[in-house]
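A.B. asks: Requesting a structural model of the entry that follows:
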Amino acid sequence: MKDFFRYFFVFASMILVACGESSVNSSGNDAVNNEENSSIDNSAGVGSFVTGVLVDSRDGRQYRTTKIQTSLFGYQVWMAENLNYEVDDSRCYGDVPENCEKYGRFYTWFVATSACPEGWHLPSSYELKTLLDVVGDVDQEKVDNLKSVSWSGGVDKFGFSALPVGYYLGDMGYVYYDSGAFFWTSSHEADITADFLEIGMDKAFVNAKLKPNESYASVRCLQD
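C.D. replies: Modelled structure (predicted):
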């Protein structure tokens, strides 16, 4: 009987030690994963952001990214440059290829819906409105905080770096250059009109008036 209790206590001790080691290893791995997947410190508050880099495996092109905290435990990761992936029904401002290097490409809405790289998507109107809710309290503040510092009055407080390249509108050609940035959303109404984010001189808002098969606008992809 004494031998039984002695072996029992030895076996129980071994189990406790093993569990302790497993717990340490598990928490260590979680810490590494958390560090890799989230570099925003929640204590920094809504509106804090960090930058990163996205490499598009389709053509090797690199894009700056910005990870913006939109709530206490939520965030959005945006491309901080306009998409510049060449496909049919895309074009450069002024039909000058060099302009794509600075401004990215313009896309029809139908092409834009599938233009983002794997793991990223064309944002919905709701997702863009979520962004607008955290970048400022009044219209002018939202605009200035989203604009690149190279755009007059731009503060670029969140690393979004919008540029005033306008968009392309059928027979009218290129419009609103140097006065507005226009980004497609995935939201639309019966393929008649599609929503877009407009960042103008004094107001930033989601609108719904562009014709998806006649208009070409910029694309900012959002991480899934």
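
A.B. asks: nearest residue to R64 other than its sequence neighbours?
C.D. replies: Distances taken as CB to CB, 6 or more residues apart in numbering place A80 nearest to R64, at 4.0 Å, with adjacent residues excluded. Using the backbone N, CA and C atoms, a C-beta is placed for each residue, glycine as well.

A.B. asks: I'd say that neighbour and V53 touch.
C.D. replies: No - using CB atoms under 8 Å, A80 is not in contact with V53; the gap is 9.6 Å.

A.B. asks: More neighbours: which of the two?
C.D. replies: Using other CB atoms under 10 Å as the criterion, A80 and V53 rank with A80 on top: 23 against 9.

A.B. asks: re the thing from before, contacting residues around the residue nearest to R64?
C.D. replies: Applying CB atoms under 8 Å, 6 or more residues apart in numbering, we find A80 in contact with T51, Y63, R64, T65, T66, G159, F160, S161.

A.B. asks: which residues do A80 and V53 both contact?
C.D. replies: Joint contacts of A80 and V53 (CB under 8 Å, 6+ apart) are Y63, R64, T65.

A.B. asks: By neighbour count, which of those wins?
C.D. replies: Y63 (22 neighbours).

A.B. asks: Am I right that that residue is in a helix?
C.D. replies: No - using DSSP: H, G, I helix; E, B strand; the rest coil, the assignment for Y63 is strand, not a helix.

A.B. asks: Return the per-residue confidence for it.
C.D. replies: If you check Y63, the pLDDT there is 98.

A.B. asks: ends of stretch 206-224, how far apart?
C.D. replies: 20 Å (CA to CA, to the nearest Å).

A.B. asks: Quick check: the most centrally placed residue in the chain vs T51, distance?
C.D. replies: By CA atoms, centre = their mean, the mean C-alpha position of the chain lies nearest to W78, the distance being 1.5 Å. As judged by CB to CB, to the nearest Å, W78 and T51 stand 10 Å apart.
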